[in-house]
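Peer 1: Dropping the sequence and predicted coords here.
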Amino acid sequence: MHVQEWLESVPAVAVYLLVGGVIGLESLGIPLPGEIVLVSATLMAASQDHINPYILGACAIAGAIIGDSIGYLIGRKGGQPLLDWLGRKFPKHFGPHHVATAERSFKKWGMWAVFVGRFIALLRIFAGPLAGVLKMPYWKFLIANVLGGIVWAGGTVAVIYSVGKVAEKWLKQFSYLGLVAAVLFGLGSFVVMRIKAKKAQKNAPAEDAEQPQPAIAE
């Protein structure tokens, strides 16, 4: 089956549920490629008339807000033991250096870390649970969560869809190339965040060594 014919055969409801579900689970704290799925689905909407971009954006926003809220509640009830458990289960995503980097961002920026975290792969996974663990007031978290979800998910759909419609003829002829480009874009952002996390891990011991040690009473 030709790629174009296969894309036309995918039910729109399945695309909406996939986008909302993956983004919701990622926002909850499960490491999934939410950005890749969102960009790929939006490119499909740009080339397939049966996928409504407004419904797609609404599902993405709902998944982001609901997932983050559930992650916040889990983090608030689970506390630090939850992060320790996640570190043992997912050391590549919730290792000590990842948690330390996210905690520094939250302590420095507060509720803005939740908003900005939407646009950063590493913080997008941590935002909800870590805000709950650090006992951020829920009203502050909710404001940042809703605004971040609307701007990130809605903005991504709007921008990618607009670009996709401009290149609609090219996408229809080379749909698989558009999907490959979206996947490479998402993987690239993930790799960049992994490199930054590793640099933060290497710099952490040096920062600890530079801190003055308390004087020992004689």
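Peer 2: Yes, it's here. Numbers count the residues shown, from 1 in each chain.

Peer 1: Phe119: what's it in contact with?
Peer 2: Counting by C-beta atoms under 8 Å, 6 or more residues apart in numbering, Phe119 touches Trp152. From N, CA and C alone the C-beta is placed, and that goes for glycine too.

Peer 1: Report pLDDT for it.
Peer 2: Reading off the confidence values, Phe119 has pLDDT 82.

Peer 1: Show the backbone phi and psi for it.
Peer 2: phi -100, psi 0 (degrees, to the nearest 10).

Peer 1: Give me the helices and strands touching the host helix or strand of Ile36, please.
Peer 2: Element membership of Ile36 [criterion: DSSP states H and E] is helix 34-47. Contact partners of helix 34-47 among helices and strands, from 3 or more C-beta pairs under 8 Å, 6 or more residues apart in numbering; DSSP states H and E: helix 3-9, helix 12-28, helix 53-89, helix 121-133, helix 155-166, helix 168-173, helix 175-210.

Peer 1: Gly34 and Trp112, how far apart?
Peer 2: 20 Å (C-beta to C-beta, to the nearest Å).

Peer 1: So which of those two has more stuff around it?
Peer 2: Gly34 (27 against 14; other C-beta atoms under 10 Å).

Peer 1: can I assume that one is in contact with Ile23?
Peer 2: Yes: counting by C-beta atoms under 8 Å, Gly34 touches Ile23, with 4.3 Å between them.

Peer 1: tilt between the helix holding Ile36 and helix 12-28?
Peer 2: With axes from the mean of the first three to the mean of the last three C-alpha atoms, to 10 degrees applied, the angle from helix 34-47 to helix 12-28 works out at 160 degrees.

Peer 1: and the angle for helix 34-47 with helix 121-133?
Peer 2: 120 degrees.

Peer 1: Could you pull up the contacting residues of the closest residue to Trp152 other than its chain neighbours?
Peer 2: Using C-beta to C-beta, 6 or more residues apart in numbering and skipping residues adjacent in sequence, the residue nearest Trp152 is Arg118, 3.8 Å away. By C-beta under 8 Å, 6+ apart, the contact set of Arg118 is 64, 124, 127, 148-149, 151-153.
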